[in-house]
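K.L.:
heads up, no residue letters with this:
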């Protein structure tokens with residue numbers, strides 16, 4: 001949702017208030033050239049942790065309404081993907097799904113989530129990255145949930161390169177994601193996914209129709 005870049009001050013204010021009401025804690029981790037911003041709810045325990053990846057041009061705050069209904073004893077981790085929210089943006093770096101999955105693995109290791117398998121959830125672009133992550137690092141993922149995951153048909157999304165409100169990074173990030181290397185990465189790696197996987201697709205999705213789920 002590119003409009004999020006127009007309304008980001010409102011998102012920040014609303015997100016801050018909701019985080020306070022939910023008791024989630026905003027944290028930072030440094031790994032190589034990246035500083036990851038994320039928030040957590042609950043503490044690691046006997047249950048697997050849950051790592052949640054947001055969609056393109058959004059940030060971790062998109063999950064606030066969702067985690068409100070989670071039990072408080074479930075350890076939830078919502079991270080800003082590289083180039084989004086409060087996590088480092090590096091224009092010179094690749095932002096394909098594989099590159100993003102590898103950076104998320106940096107975060108997983110640094111945050112200590114790799115001590116035992118965790119549940120992985122991703123929406124839209126985050127779904128594509130989550131699927132690729134599960135394929136590249138199957139030992140770390142106990143289950144996978146993909147919500148309207150982007151992928152093979154991502155090139156159908158219309159892009160307005162002349163929009164004056166869009167920052168240079170957004171354009172490059174979008175082009176990286178829609179490159180043939182990236183948009184086929186989930187499709188090409190599906191056989192490597194070992195974790196039980198649930199795919200959720202809204203029938204009213206105006207960007208990628210329900211029929212596309214057949215590709216998965």
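P.N.:
Sure thing, it's come through. Quantities reported herein were computed from a predicted structural model and do not represent experimental measurements.
K.L.:
Do a quick rundown of the strands in the protein.
P.N.:
For the chain, strands defined by DSSP state E occupy the ranges 25-31, 34-41, 50-53, 76-79, 118-123, 141-147, 197-200.
K.L.:
now for the first one, which elements pack on it?
P.N.:
Using 3 or more Cβ pairs under 8 Å, 6 or more residues apart in numbering; DSSP states H and E as the contact criterion, the secondary-structure elements in contact with strand 25-31 are strand 34-41, helix 97-111. C-beta coordinates here come from the backbone N, C-alpha and C atoms, glycine included.
K.L.:
same thing but at 10 Å, please
P.N.:
For strand 25-31, the helices and strands in contact under the criterion 3 or more Cβ pairs under 10 Å, 6 or more residues apart in numbering; DSSP states H and E are helix 8-22, strand 34-41, strand 76-79, helix 97-111.
K.L.:
and the second one with strand 25-31, angle?
P.N.:
Here strand 34-41 points in a direction 150 degrees away from that of strand 25-31 (axes from the mean of the first three to the mean of the last three Cα atoms, to 10 degrees).
K.L.:
quick one: strands adjacent to strand 34-41?
P.N.:
Using DSSP bridges, the strands paired with strand 34-41 are strand 25-31 (antiparallel), strand 76-79 (antiparallel).
K.L.:
what is the rounded mean pLDDT of that strand?
P.N.:
Average pLDDT, strand 34-41: 96.
K.L.:
hey, least reliable of the helices and strands packed on strand 25-31 by pLDDT?
P.N.:
Among the helices and strands packed on strand 25-31, helix 8-22 carries the lowest mean pLDDT (a mean of 55).
K.L.:
The strands of the chain into TSV, with extra columns for mean neighbour count and distance to residue 95?
P.N.:
Below are the strands of the chain laid out as TSV (neighbours: other Cβ atoms under 10 Å; distance: least, Cβ to Cβ, whole Å):
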stretch	mean neighbour count	distance to residue 95
strand 25-31	13	17
strand 34-41	20	12
strand 50-53	25	13
strand 76-79	26	15
strand 118-123	25	15
strand 141-147	21	19
strand 197-200	14	23
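K.L.:
can you redo those strands as TSV with distance to residue 108?
P.N.:
Written out in TSV, the entries for these read as follows (distance: least, Cβ to Cβ, whole Å):
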stretch	distance to residue 108
strand 25-31	10
strand 34-41	10
strand 50-53	7
strand 76-79	9
strand 118-123	8
strand 141-147	10
strand 197-200	18
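K.L.:
about what we covered before: now render the strands paired with strand 34-41 as CSV, adding distance to residue 94.
P.N.:
As requested, the strands paired with strand 34-41 are arranged in CSV below (distance: least, Cβ to Cβ, whole Å):
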stretch, distance to residue 94
strand 25-31, 17
strand 76-79, 19
